[in-house]
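Visitor: pasting a predicted model and its sequence here:
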Amino acid sequence: MSEHEATPEERTDAQAGADSGAEPTVEELQAQLEAARKQAEEEHEALLRARAEIENMRRRHEQEIEKAHKYALERFAQELLPVVDSLEMGVEAAGSENATLEKVREGTELTLKMLLNVLDKFGIQAVHPHGEPFNPELHQAMSMQESAEHAPNTVMNVMQKGYTLNERLIRPAMVVVSKQAEGGETKEKGGKIDEQA
């Protein structure tokens with residue numbers, strides 16, 4: 001048994017030498033070395049090119065994200081500009097000599113309608129829950145009042161509308177919520193229910 005067992009590479013080299021019948025010459029070894037160096041250089045250059053391309057892609061991606069953040073509201077702003085124009089015309093018209101309260105109100109209502117259309121176009125919806133059951137996910141209770149006219153935990157009054165953006169809450173509606181009246185009777189769906197019974 002020999003002290004040194006040949007590795008698979010050494011066995012392959014030995015077999016190749018045995019197959020050819022002779023040891024490779026210095027020139028052949030130098031040619032193989034040169035070919036290996038050339039291949040290593042080509043692979044190194046390919047690696048450098050791949051790294052440069054990845055770095056360029058990363059930079060382009062960062063620039064696109066930066067532009068997206070910077071100009072994300074451009075369309076929204078363009079849609080709001082006519083509303084601003086309408087408000088400016090309304091302020092100017094309100095200051096004229098022949099301005100009437102009715103004309104100012106009419107102009108204000110038209111401008112509000114324009115604004116609401118813009119908000120709707122961009123997925124912003126009002127939360128106006130008057131008469132609905134209180135929902136802590138959409139409503140913020142500012143106070144509770146006894147009421148014989150409303151079922152307990154019903155929104156009796158909306159102090160300020162809430163808003164959602166694409167169904168995600170951006171501001172809760174501020175509401176007044178009913179609670180059971182002292183007498184214990186509560187009106188529900190057109191009839192009275194005696195909670196004490």
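Guide: Yes, it's here.

Visitor: Glu137 touches Arg168, doesn't it?
Guide: No: counting by C-beta atoms under 8 Å, Glu137 stays clear of Arg168, with 11.0 Å between them. From N, CA and C alone the C-beta is placed, and that goes for glycine too.

Visitor: give me the residues contacting the helix or strand in which Glu109 is found.
Guide: Per DSSP states H and E: Glu109 is located in helix 101-121. Contact with helix 101-121 is made by 76, 79-80, 82-83, 86-87, 89-90, 93-94, 125-126, 163, as judged by C-beta atoms under 8 Å, 6 or more residues apart in numbering.

Visitor: number of residues surrounding Ala94?
Guide: 14 (other C-beta atoms under 10 Å).

Visitor: find me the pLDDT at it, would you?
Guide: In this prediction, Ala94 carries a pLDDT score of 88.

Visitor: which residue sits closest to it, ignoring its sequence neighbours?
Guide: Once flanking residues are discounted, Ala94 sits nearest to Val104: 4.9 Å by C-beta to C-beta, 6 or more residues apart in numbering.

Visitor: tell me which element Tyr163 falls in.
Guide: strand 162-165.

Visitor: wait, Ser143 touches Val176, no?
Guide: Yes: applying C-beta under 8 Å as the test, Ser143 and Val176 come out as touching, 5.3 Å apart.

Visitor: out of the two, which sits in the busier spot?
Guide: Between Ser143 and Val176, counting by other C-beta under 10 Å, Val176 is the more crowded of the two (18 against 12).

Visitor: and the strand or helix carrying the more buried one, what does it pack against?
Guide: Per DSSP H and E: Val176 is located in strand 173-180. Judged by 3 or more C-beta pairs under 8 Å, 6 or more residues apart in numbering; DSSP states H and E, strand 173-180 is in contact with strand 139-147, strand 155-160.
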